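[1] after the sequence you'll find the predicted model.
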Amino acid sequence: MRAPLAGRTAAQRTRALTRELRRQGCSVWVYTSSGRTPSYIRRWLLLYGIHVDGVVNSVRHNQALTERELSSTPSKFPPAFDIDLHVDDSEGVQLEGVDHGFRVVVVDPQDEQWAQRVLEAVAQVQAQLARQQPHRHKGPVRGYPGLTLNG
């Protein structure tokens, strides 16, 4: 990060984090269990200067699960949207990630270093993807298809 995140508001840290992720070539999505429309969520985030590449709400989530005919339905399922890392404040979602094969980093919103923890997790995923897909990622990986922030 160009500027330290400590001491900033959550909105400022989130804005700085999304900008840094974009600088690294990452795509940033919001994945929420809310029924609010994606356009509403995008506009609400733009009020804080936060731009996202996509929004998965409860409607899109349920459609994706129905299409995949999953017998056990997780509350979030990032692989359905080509998302490589999901950020959440719920350890339950992390357990679902283990059960359903997707990566989750759990952050505590009260932790002023949560954004740094996300960046560290992103670096780990980038390195893992580079090892798994060397033909797609030559040298250090600058980005990957998607990251979600829990809504």
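    Received the coordinates, thanks.
[2] buried ones in the host helix or strand of Glu120, by neighbour count?
    Element membership of Glu120 [criterion: DSSP states H and E] is helix 114-132. Burial within helix 114-132, assessed by neighbour count using 16 or more other Cβ atoms under 10 Å, is assigned to Trp114, Ala115, Gln116, Val118, Leu119, Ala121, Val122, Val125, Gln126, Leu129, Ala130. (Each C-beta comes from the backbone N, C-alpha and C, glycine too.)
[3] again with stretch 38-54
    Buried residues in stretch 38-54 (16+ other Cβ under 10 Å): Pro38, Ile41, Arg42, Leu45, Ile50, Val52, Gly54.
[4] can you check stretch 90-110 too?
    Per 16+ other Cβ under 10 Å, stretch 90-110 contains these buried residues: Val93, Gln94, Glu96, Gly97, Phe102, Arg103, Val104, Val105, Val106, Val107.
[5] can I get these in CSV with pLDDT and distance to Ala16?
    Shown next, in CSV, are the buried residues of stretch 90-110 (pLDDT from 0 to 100; distance: Cβ to Cβ, whole Å):
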residue, pLDDT, distance to Ala16
Val93, 97, 24
Gln94, 97, 24
Glu96, 96, 28
Gly97, 97, 26
Phe102, 97, 26
Arg103, 97, 22
Val104, 98, 22
Val105, 97, 17
Val106, 97, 20
Val107, 96, 15
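[6] which of those residues lies closest to Ile83?
    Closest approach between the buried residues of stretch 90-110 and Ile83, by Cβ to Cβ: Phe102, at 7.7 Å.
[7] residue contacts, that closest one?
    Lys76, Phe77, Pro78, Pro79, Ile83, His86, Glu96 (Cβ atoms under 8 Å, 6 or more residues apart in numbering).
[8] so which of the buried residues of stretch 90-110 belong to strands?
    Val104, Val105, Val106 (DSSP state E).
[9] any idea what the first one is bridged to?
    Looking back up the chat, that one is Val104. Following DSSP bridges, Val104 is listed with bridge partners His86.
[10] spit out the contact partners of Arg60.
    Contacts of Arg60 by Cβ under 8 Å, 6+ apart are Pro38, Phe81.
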